[in-house]
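**Student:** Starting from these lines, generate the structure:
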Amino acid sequence: MQIYEELRTRGLIAQVTNEELIRDMVNNRKATFYIGFDCTADSLTAGHFMALTLMKRLQSAGNRPIALIGGGTTLIGDPSGRTDMRKMLTIDDINHNAECFRKQMERFIEFGEGKAQMVNNADWLLDLNYIELLREVGTCFSVNNMLRAECYKQRMEKGLSFFEFNYMIMQAYDFYHLFQTHNCNMQFGGDDQWSNMLAGTELIRKKLGKDAHALTITLLTDSQGHKMGKTAGNAVWLDPNKTSPFDFYQYWRNVDDADVMKCLRMLTFLPIEQIEEMDKWDDSRINEKKEILAHELTELVHGKEEADKAQASAHSLFSGAGDSANMPSTEVELTDSDINIVDLMLVCGLGSSKGEIRRLIQQGGVSANGEKVTSFDLRFTANDLKEGVVLRKGKKIFHKAFVK
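**Tutor:** I've put the predicted structure just below:
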């Protein structure tokens, strides 16, 4: 099976501009493609996983990836899928985030001479002259067509600023620039970027009279249609300091039964034949599938040693053995002689407010060292915390609180 057919079989391809040509380029190692990453945080997330693994698959098949860091476009902010304007970041923040991205991408993509490249669109966007841009590029865009684009529809209801309206033009200019300077003939991205990507192919056609191509990746959604990669409203980060390997493992270990096979196909590098065989397993083996998924993805991001530790710790905790060595932990600074359970959980990030934590305790969803918490007044001393207190939120979230 060639790479394009494998991508189809895994359910990764959503839309393409010309399937026959794209199949030929990808299968015959002719694709120089780019995927853009705006630097809105200091870590990539599980939501970036599809793009990173796609780059890895295509590079392994002999194609050449370009990872475009959006140092320029992040100054504007992508309105796609947003109902409000993104927070405006400083150039220093964006540069810091870009460096963090590079380190994480190196786990997936091999950079170097004749291999993958990393570029930053700040290198050309920040030097553009506005009048020249309007004359050279602005005349190629129809406002009527732009307003019909899916990426702007949600923002139109609450008001789309002219500032954000420029984002599509900037992204199209990226493709136009890379086509000329890096022989980049394809752009890949999430399916919510289709309108922006088509704008790039159109700009190249109008300005250069040549064809460029676009392929979108199926968005990773759960069985209810919600984007995956978040837990309790927060992103699942690839940075171990923001989402520990244990929590990362647990996120994938706890996906809904209906989503396991889809995640195995789309995210892991297990052979298709092995995944198809797993699909035939009896329903009683669903937890085995989940453990394979969680271990494979944790190993991809954090390495085999951390994946093994996370799995061993999860086995120990859920078997009642109580091994807390590798679970997420927080060192607590006591300002008094002791601390109550509500404040302790808040310090450990196990709730966004005291009210939320109290409701969770009332519902019987909190335990400490294996005992269900029934009172808001439960307190822990420095001696208790020197031993370490294992907090459990709901059925699946563990956290250790301690003092040195």
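**Student:** so how far is residue 238 from the residue most central in space within the chain?
**Tutor:** Nearest residue to the geometric centre of the chain (C-alpha atoms, centre = their mean): residue 47, 2.2 Å. Look at residue 47 and residue 238: by C-beta to C-beta, to the nearest Å, they are 10 Å apart. Where you see a C-beta, it was placed from the backbone N, CA and C, and this is true even at glycine.
**Student:** before we move on, what about residue 302?
**Tutor:** Going from residue 302 to residue 238 by C-beta to C-beta gives 8 Å.
**Student:** between the two, who's got more neighbours?
**Tutor:** Neighbour count, other C-beta atoms under 10 Å: between residue 302 and residue 238, residue 238 has more, with 26 against 21.
**Student:** who touches the residue nearest to the centre of the chain in this structure?
**Tutor:** The contact partners of residue 47, by C-beta atoms under 8 Å, 6 or more residues apart in numbering, come to 220, 227-230, 235.
**Student:** Which secondary structure state does it sit in?
**Tutor:** Using DSSP: H, G, I helix; E, B strand; the rest coil, the structure places residue 47 in helix.
**Student:** Which is the succeeding secondary structure element to the longest helix out of those in the chain?
**Tutor:** The residue-count maximum for a helix in the chain (DSSP state H) belongs to helix 286-302. Next helix or strand after helix 286-302 toward the C-terminus (DSSP states H and E): helix 304-318.
**Student:** Name the residues of that next one that are buried.
**Tutor:** Residues 306-307, 309-311, 313-314, 316-317 are the ones in helix 304-318 that count as buried (16 or more other C-beta atoms under 10 Å).
**Student:** just the angle between it and helix 286-302, please?
**Tutor:** Interaxial angle, helix 304-318 versus helix 286-302 (axes from the mean of the first three to the mean of the last three C-alpha atoms, to 10 degrees): 140 degrees.
**Student:** and residue 63, what does it touch?
**Tutor:** Counting by C-beta under 8 Å, 6+ apart, residue 63 makes contact with 3, 25-26, 29-33.
**Student:** Please indicate which of the residues you listed are buried?
**Tutor:** Using 16+ other C-beta under 10 Å as the burial test, the contacts of residue 63 include 3, 25-26, 31-33 as buried.
**Student:** ok so, going back, restricted to strands, list the contacts of residue 63.
**Tutor:** 32-33 (DSSP state E).
**Student:** what's in contact with stretch 289-301?
**Tutor:** Residues from elsewhere that reach stretch 289-301, judged by C-beta under 8 Å, 6+ apart: 49, 53, 107-108, 238, 245, 248-255, 260-261, 263-264, 267-270, 278, 281, 306-308, 310-311.
**Student:** Next, count neighbours for the nearest residue in space to residue 302 that is not next to it in sequence.
**Tutor:** Once flanking residues are discounted, residue 302 sits nearest to residue 245: 4.4 Å by C-beta to C-beta, 6 or more residues apart in numbering. By other C-beta under 10 Å, 23 other residues sit near residue 245.
**Student:** Would you mind giving both backbone torsions of residue 245?
**Tutor:** Residue 245 adopts backbone torsions of phi -50, psi -40, taken as degrees, to the nearest 10.
**Student:** Looking at the contacts of residue 63, point me to the pair that's furthest apart.
**Tutor:** Maximum pairwise distance among these (C-beta to C-beta): 14.8 Å, between 3 and 32.
**Student:** Among the contacts of residue 63, which one lies nearest to residue 370?
**Tutor:** residue 3 (49.4 Å).
**Student:** tell me the contacts of the residue nearest to the closest one when sequence neighbours are not counted?
**Tutor:** Using C-beta to C-beta, 6+ apart and skipping residues adjacent in sequence, the residue nearest residue 3 is residue 61, 3.9 Å away. By C-beta under 8 Å, 6+ apart, the contact set of residue 61 is 2-3, 26-27, 29.
**Student:** what about the stretch 1-150 of the chain, any weak spots by pLDDT?
**Tutor:** Counting by pLDDT under 70, the stretch 1-150 of the chain shows low-confidence ranges at 77-87, 150.
**Student:** ranges for the helices of it?
**Tutor:** Residue ranges of the helices in the stretch 1-150 of the chain, as given by DSSP state H, counting those that start in this stretch, are 3-9, 19-27, 49-60, 91-105, 122-125, 130-136, 143-147, 150-158.
**Student:** Put the alpha carbons of the third one into CSV.
**Tutor:** Taking C-alpha atoms only, helix 49-60 is exported to CSV below (Å, rounded to 0.1, in the frame of the first residue of the first chain):
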residue,chain,number,x,y,z
PHE,A,49,-1.0,15.8,16.7
MET,A,50,-2.6,15.1,13.4
ALA,A,51,-0.4,17.6,11.6
LEU,A,52,2.8,16.4,13.2
THR,A,53,2.1,12.7,12.5
LEU,A,54,1.1,13.5,8.9
MET,A,55,4.4,15.3,8.4
LYS,A,56,6.2,12.3,9.9
ARG,A,57,4.4,9.8,7.7
LEU,A,58,5.0,11.8,4.5
GLN,A,59,8.7,12.5,5.3
SER,A,60,9.2,8.7,5.9
